[in-house]
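Chemist: sequence first, then the predicted structure:
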Amino acid sequence: MKNTPASFLTRISSLLFASCLLHLASLQVLAQDSDAQRYSNLLIRMNAIKAETRQVEDHNAITRLGRAFAYYLDKGYFGEAANLFTDHGRLMYGNDGVYIGRDRIRELLTRHGKSSMNAGPGLPFGRLNNHMHLQPLVTIGEDGTTAKARWREWGQVGNFKDKAEWTDAILENDYIKEDGVWKIAEMRLFLNFIADYQGGWAALEPQGRNWKTEVGREFRADERSPVRYKPFPEIYVPEFHYENDISAIQTPPPIEFTPRRPDDALGKLEARADAEALKLARVHAVRAVENLQAMYGYYFDKGLWSQAADLFTEDGTWEFGQMGVYQGPESIARGMSVLGPEGLEEGQLNNFPMLQAVIHVDENNERAWGRFRSDVMRTVEGKGQWGGGLYENEYVNDNGTWKITKQHYWVTYWGDYDKGWMRDGIIPVEQMSEAIPPDAPPTVVYESLPNTYVVPFHYNHPVTGEPHDDMGRLARDKAAGKNVR
Amino acid sequence: MFPPLIESRLQMVNVSFLVSCILYLVSTSAHAQSPAELSALESELNAISTRIERLQDMEEIEILQRSYGYYVDKSLWYSLTDLWTEDGTLEIGGRGVFTGADRVFEYMNVGLSPVGPTQGLLMDHQQFQTLTTINPDGVTAELRGIAFVMSSGGWGHCYYENDFVKEDGVWKMKTLHGPFNMYSGYPIGWVDNLIYNTWPTKFPPPPDLPPSVVYLTYPSYYVEPFHYPNPVTGEPMPPHDPAAGGVAFGR
């Protein structure tokens, strides 16, 4: 037989093939995948875990930026606030136009703060400049270097013995990561109103399309606003950056079972990666649920009942005050319409900020519970009202997208704007609608202020891990003769 | 043995098969079994585990601060006190420093209200804008926050610069420092009729230590130092203009 290269190769190949088979067979004893496959799978998983960790870190960095900005405005640190923008950062201030670059932004913020460009940080005597940036809804771009967020700005401003005002705005911000640092690339501030304390938002007169703020008239913008809108009492809905991108409410799907890993060195690492991935998914889910509740709130604000109801599962329930329970998205949208027509009517304010989130996610990243609150600014039949209340809600991870299964708003109080929420200003909680009856009566019957009650906590005490039992402990301490009341 | 064409094709098949077999053996032996690579992977897991724990820490501290607000709303003073370490402190407005969990309870129960909600009374202390920093040690943290108060007395706006500590894996309140910013009644809002701050004898009980800082609230100017540098420039907080809070500011 001629020793041709081909036959030599054939023999070598056969040998190698046999040894490969043997190698594979030996691995089969331990696992279905080969070590190589397992190792390379683990590397891929590690990269996914790192990317998701980065995503949640980025989310936190964006909320930190937003909150730092608001704290600077409060105390007249306008230069520090402007420094949060990129070199060519842009700030669109309602209809006034777009101000470009940090110097212009600093001057704009200083002028709105009734402060001075001839001074260092601070405010003059008698200036109140509280700007609270609330209800963040953060979407991190897939590339990890861009992000968007919607915020609500609630302003409590004024000058001592002269003026007190409420301001209301929605922000849609673009962020960019430059050299590892997140910055504001563009802030679009959709001012909804500046209302005098006396009379409040219910007393505001309609504005034309060319309305501008006092500052905007004196300090001209660098560019015209890309949008023209009329502020409240017109209903204007600023763009939703998440209209076609709901990644803000997505996380890995629930963990159905924890895989059993082989008892070898690689298996130990695989098991650790499993545990870290689950821990991370649950941390991520907290942010996704916070985003989801914010999303619900931003739709609810503007009477976009169908869009708000679409965030529920098919059997999800919505319960508001003593109005009873509406079940399923169609019925929920109908129930919400008790509060006003779809899209609201002119002069109707329906601000329900979603605040003070306490969210817990179950062990499998499948269900979550959230306690929130709203301080409500609204009008009912043309009259201004304040309101306050708590939510105890439930959410479910539907194959990677979080949905609402239960939304329960417990009314603490309603108060007439002019009289306040004391004594004769108190408005009782709403009852079941006869025109649009609920699918079920209220799950809990209660009265709002002047009656008080504690909304049950979905969670145990964060430090002791025990259920909340203050009244029981008071009774026991009193029985033991302790000096408590 | 074979016609030349077929033989040369077989040869190509063989070459590629040979290469993949070698690659397979090389990859399995070199990759799966290398202790150096496994230990590198373990280090990566350790690093990522720490980062995920920091994310958890931040959420746990947010829960602590926000639960504090829910407890104040309804005078749940036992639950509130349980947030503190044994030697933790509390300082709100100008009342001075209260040291230890028992004194925190006393501050609330003697000074403010009985345990549980009081009929007809509103004292909502909404917790806004939690800005949390976990220190590199992983067991201490700081938080700036706001209590936006809507109560039977009217409006209140109060900052927090609080410290937290992780004891046996559980985050607790170490220092609550809550300087007032603005307190006003309801009828005319913050145009006038303001409370310019509280002081140690404003109501009982007296503090263990005097106020750590003496200041006046709106319409005067006080800025509680930010515990964090500017998130973009990384620079520490610049001092405020010495004329801030006066009418000569900016003139």
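Modeler: Sure thing, it's come through. Numbering: from 1, shown residues only, chains lettered A, B, ... in the order given.
Chemist: and the helices in the stretch 201-350 of chain A?
Modeler: Under the criterion DSSP state H, counting those that start in this stretch, the stretch 201-350 of chain A contains helices at A:214-218, A:265-301, A:305-309, A:329-336.
Chemist: what is the longest helix seen in chain B packed up against?
Modeler: The longest helix of chain B (DSSP state H) is helix B:35-73. Packing contacts for helix B:35-73, counted by 3 or more C-beta pairs under 8 Å, 6 or more residues apart in numbering or on different chains; DSSP states H and E, involve helix A:35-74, helix A:265-301, strand A:355-361, helix B:77-81, strand B:123-134, strand B:140-151, strand B:154-167, strand B:170-178. The way it works is simple: take the backbone N, C-alpha and C, and place the C-beta from them, glycine included.
Chemist: host element of A:L189?
Modeler: Using DSSP states H and E, A:L189 sits in strand A:181-196.
Chemist: and that strand, what does it pack against?
Modeler: Helices and strands touching strand A:181-196, as assessed by 3+ C-beta pairs under 8 Å, 6+ apart, comprise helix A:35-74, strand A:85-93, strand A:146-159, strand A:163-178.
Chemist: pull up the pairing partners for that strand, direction included.
Modeler: Here strand A:181-196 is paired, per DSSP bridges, with strand A:85-93 (parallel), strand A:163-178 (antiparallel).
Chemist: dump these to CSV, plus mean neighbour count and mean pLDDT.
Modeler: Formatted as CSV, the strands paired with strand A:181-196 follow (neighbours: other C-beta atoms under 10 Å in any protein chain shown; pLDDT from 0 to 100):
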stretch, mean neighbour count, mean pLDDT
strand A:85-93, 20, 98
strand A:163-178, 20, 98
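Chemist: okay if I get those as TSV plus distance to A:W421?
Modeler: Output for the strands paired with strand A:181-196, formatted as TSV (distance: least, C-beta to C-beta, whole Å):
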stretch	distance to A:W421
strand A:85-93	32
strand A:163-178	15
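Chemist: any idea which of the ones you listed gets closest to A:N130?
Modeler: strand A:163-178 (9.6 Å; C-beta to C-beta).
Chemist: now do residue 108, the pLDDT please.
Modeler: The chain I'm using is chain A. We have a pLDDT of 98 for A:L108.
Chemist: could you do chain B instead?
Modeler: For B:M108, the pLDDT comes out at 98.
Chemist: kindly report the same for the one 5 residues further on.
Modeler: Per-residue confidence at B:S113 stands at 97 (pLDDT).
Chemist: next one: phi and psi at A:E256?
Modeler: phi -80, psi -40 (degrees, to the nearest 10).
Chemist: circling back to that earlier point, using a markdown table, please lay out the helices and strands packed on strand A:181-196 together with distance to A:D301.
Modeler: Below are these laid out as a markdown table (distance: least, C-beta to C-beta, whole Å):
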| stretch | distance to A:D301 |
| --- | --- |
| helix A:35-74 | 18 |
| strand A:85-93 | 20 |
| strand A:146-159 | 8 |
| strand A:163-178 | 8 |
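Chemist: who's in contact with stretch A:109-121?
Modeler: Residues from elsewhere that reach stretch A:109-121, judged by C-beta atoms under 8 Å, 6 or more residues apart in numbering or on different chains: A:73, A:75-82, A:93, A:106-107, A:122-124, A:127, A:129, A:159, A:213, A:215, A:218-219, B:223, B:238-241, B:243-244, B:249-251.
Chemist: in helices only, show me these.
Modeler: A:L73, A:F78, A:G79, A:E80, A:A81, A:A82, A:R106, A:E107, A:V215, A:E218.
Chemist: pick out the most distant pair among the residues you listed.
Modeler: Among those, the pair separated by the greatest distance (C-beta to C-beta) is A:E80 and A:E218, at 23.7 Å.
Chemist: neighbour-wise, which of those two wins?
Modeler: Neighbour count, other C-beta atoms under 10 Å in any protein chain shown: between A:E80 and A:E218, A:E80 has more, with 25 against 9.
Chemist: grab the nearest non-local neighbour of that one.
Modeler: Distances taken as C-beta to C-beta, 6 or more residues apart in numbering or on different chains place A:Y72 nearest to A:E80, at 4.6 Å, with adjacent residues excluded.
Chemist: quick check, pLDDT for the residue sitting nearest the centre point of chain A.
Modeler: With distances taken as C-alpha atoms, centre = their mean, A:N291 lies nearest the centre of chain A, 3.4 Å away. pLDDT for A:N291: 98.
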